[in-house]
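Q: Prediction below, plus the sequence it came from.
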Amino acid sequence: MKILVIGNMGYVGPGTISQLRATYPDSELIGFDIGYFANRLTNTEFLPEVKLNNQIIGDVRHFPSEILKGVDAVVYLAAISNDPMGAKYEDVTLEVNYRSCIRIANLAREAGVKSFTFASSCSMYGAADQYAKKETDTLNPLTAYARSKVFAEKELEPLATDTFTVTCLRFATACGMSNRLRLDLVLNDFVAGAVVSKEINILSDGTPWRPLINVLDMARAIEWAISREQSNGGKFLAVNAGSNRWNYQVKELAEAVGQIVPGCKVTVNQDAPPDKRSYKVNFDLFEKLAPNHQPIHDLHSTIKELYRSLSEIGLKDPKFRESKYMRLKVLAGLQENGFLSYNLSWAW
Ligand SMILES: NC(=O)c1ccc[n+]([C@@H]2O[C@H](COP(=O)([O-])OP(=O)(O)OC[C@H]3O[C@@H](n4cnc5c(N)ncnc54)[C@H](O)[C@@H]3O)[C@@H](O)[C@H]2O)c1
């Protein structure tokens, strides 16, 4: 089996590579990434990419089709990966998350690749009612990031054939430890606040709903998707990837962190306008189709592991929201220092 993971040098990539290497020890594993966060390593003695047969540094916007020769499965993780980045770099977001994905999926199909897995997002449900959203419910993307995922899914669907299986995993918001940690994710942000200042500052009134998934459980879902048979979900499948047990209100997440980190104070910003993004998600379909790949981590163990790891790293900076753990700050910093051009291409 030859597997190509595109966008492997971010937060989700390292766990995914480990999972695929463990499941398919003899496979040929290839990574492809532009390398924005390549040196933003956390908590590792070795480069996560040593588990690959080959790491290619490249841009999905200029993807050489030769790379697909002999590839059986493609996993597309590459993205400008959150709402604030999508707002600042809207054109690049559409080009990387959507148009390049479709171009590469077309090339993959022509090259005889059998399966294509796309990292989609539950954020496409946007502002939802109180009931949990199913895959068939109306989408309500509120941001450029969420729109890029909707557009990509829409154009991936007609590409699926009897020999080209497409799976879009609509992931819940990720959390947990990674060899390339991000702190611009709600639970990770709360634990970081607890570690540096014993204070969890909720930037909303705390009522919005957020489904969560541990980043290592994302890797298990990806492993399931790449070998999914068409008899299990069809030639094209868009499925919510997470667990019904992991639908939480933001204030519940903060309280859970407060319970685990001794002496921690939770502050809610009472004056904050209601967060428009609030969605509960129904994960029944994923449970039915992937019974052996259900999330195995829970909220408390995820918080404890993050707390332990952030303490070990020695995270102390109360301004961690300005730090290298924030994807937007890294990109903006590289741009300000002249390393990245206006459209986030390397400037040399
Ligand atoms: N983290 C989450 O909460 C979450 C939730 C749902 C879906 N997802 C999706 O999962 C995927 C991985 O997310 P992540 O948290 O690892 O994001 P990340 O920002 O940590 O990693 C994204 C990777 O894509 C690479 N990339 C960006 N532009 C590229 C380009 N032009 N060419 C090649 N590579 C490029 C980056 O260098 C980076 O390594 C993304 O598609 C994201 O939208 C993430």
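A: Thanks, I have it.

Q: What residue in the chain comes nearest to the ligand?
A: Distance from the ligand to each residue of the chain (Cβ to the nearest ligand atom) is smallest for residue 10, at 2.0 Å. All C-beta atoms are positioned from the backbone trio N, CA, C, and that covers glycine.

Q: does that residue really touch residue 181, like I thought?
A: No: judged on Cβ atoms under 8 Å, residue 10 makes no contact with residue 181 at a distance of 10.4 Å.

Q: Tell me which of those two has more neighbours.
A: Per other Cβ atoms under 10 Å, whichever of residue 10 and residue 181 has more neighbours is residue 181, with 25 against 22.

Q: who's in contact with the more buried one?
A: 11, 40, 42-43, 188, 309, 325 (Cβ atoms under 8 Å, 6 or more residues apart in numbering).

Q: Please report how far it lies from residue 305.
A: 11 Å (Cβ to Cβ, to the nearest Å).

Q: Residue 19 is in contact with residue 221, isn't it?
A: No: judged on Cβ under 8 Å, residue 19 makes no contact with residue 221 at a distance of 9.6 Å.

Q: Between those two, which has more neighbouring residues?
A: Between residue 19 and residue 221, residue 221 has the larger neighbour count (other Cβ under 10 Å), namely 24 against 19.

Q: which SSE is that one in?
A: helix 215-226 (DSSP states H and E).

Q: So in that sheet, which strands flank the very next helix or strand once past that helix, and in what orientation?
A: Later in the chain than helix 215-226, the nearest helix or strand by DSSP H and E is strand 236-241. Sheet pairing for strand 236-241, assigned by DSSP bridges, gives strand 165-171 (parallel).

Q: CA atoms only for the partner strand, dumped as CSV, please.
A: What follows is strand 165-171, C-alpha atoms only, in CSV (Å, rounded to 0.1, in the frame of the first residue of the first chain):
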residue,chain,number,x,y,z
THR,A,165,-13.8,6.1,-3.2
VAL,A,166,-14.1,9.6,-1.6
THR,A,167,-14.6,10.1,2.1
CYS,A,168,-15.1,13.5,3.7
LEU,A,169,-14.6,13.4,7.4
ARG,A,170,-16.5,16.3,9.0
PHE,A,171,-14.3,16.6,12.1
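
Q: Next, the angle helix 215-226 makes with it.
A: Interaxial angle, strand 165-171 versus helix 215-226 (axes from the mean of the first three to the mean of the last three Cα atoms, to 10 degrees): 160 degrees.

Q: shift numbering so it begins at 325
A: Yes, from this point I'll number from 325; that puts the last item at strand 489-495.

Q: And the average pLDDT for the helix or strand just after strand 489-495 is what?
A: Once the chain leaves strand 489-495, the next helix or strand it forms, by DSSP H and E, is strand 497-499. Across strand 497-499, the average pLDDT comes to 98.

Q: which residues sit against strand 497-499?
A: With contact meaning Cβ under 8 Å, 6+ apart, strand 497-499 is reached by 335-336, 446-447, 506, 509-512, 534-539, 542, 626, 630.

Q: one step back: is the ligand within reach of the helix holding residue 545?
A: No: Helix 539-550 is not in contact with the ligand by Cβ under 6 Å from any ligand atom; minimum separation 7.1 Å.

Q: quick one: average pLDDT of that helix?
A: The pLDDT scores in helix 539-550 average 98.

Q: returning to that earlier point: what's the per-residue pLDDT of the residue of the chain closest to the ligand here?
A: pLDDT, residue 334: 98.

Q: what's near enough to touch it?
A: Residue 334 sits next to 357, 360-361, 401, 405, 504, 506, 651 when contact means Cβ under 8 Å, 6+ apart.

Q: and what of residue 527?
A: Under the criterion of Cβ under 8 Å, 6+ apart, the neighbours of residue 527 are 593, 596.

Q: Name the SS class of residue 481, please.
A: Each residue gets one of three states, and residue 481 gets helix by DSSP: H, G, I helix; E, B strand; the rest coil.

Q: what sits up against the lowest-mean-pLDDT helix or strand in the chain?
A: Here the helix or strand of the chain ranked lowest by mean pLDDT, DSSP states H and E is strand 589-592, holding a mean of 86. Strand 589-592 is touched from outside by 522-526, 529-530, 575, 578-579, 581-582, with contacts defined as Cβ under 8 Å, 6+ apart.

Q: Need those residues in JSON lines (columns: neighbour count, distance to the ligand and pLDDT).
A: Converted to JSON lines, these look like this (neighbours: other Cβ atoms under 10 Å; distance: Cβ to the nearest ligand atom, whole Å; pLDDT from 0 to 100):
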{"residue": "522", "neighbour count": "13", "distance to the ligand": "25", "pLDDT": "93"}
{"residue": "523", "neighbour count": "14", "distance to the ligand": "23", "pLDDT": "91"}
{"residue": "524", "neighbour count": "24", "distance to the ligand": "19", "pLDDT": "93"}
{"residue": "525", "neighbour count": "15", "distance to the ligand": "20", "pLDDT": "85"}
{"residue": "526", "neighbour count": "24", "distance to the ligand": "18", "pLDDT": "89"}
{"residue": "529", "neighbour count": "16", "distance to the ligand": "22", "pLDDT": "82"}
{"residue": "530", "neighbour count": "20", "distance to the ligand": "19", "pLDDT": "86"}
{"residue": "575", "neighbour count": "17", "distance to the ligand": "19", "pLDDT": "92"}
{"residue": "578", "neighbour count": "25", "distance to the ligand": "18", "pLDDT": "94"}
{"residue": "579", "neighbour count": "18", "distance to the ligand": "21", "pLDDT": "93"}
{"residue": "581", "neighbour count": "25", "distance to the ligand": "17", "pLDDT": "95"}
{"residue": "582", "neighbour count": "19", "distance to the ligand": "22", "pLDDT": "93"}
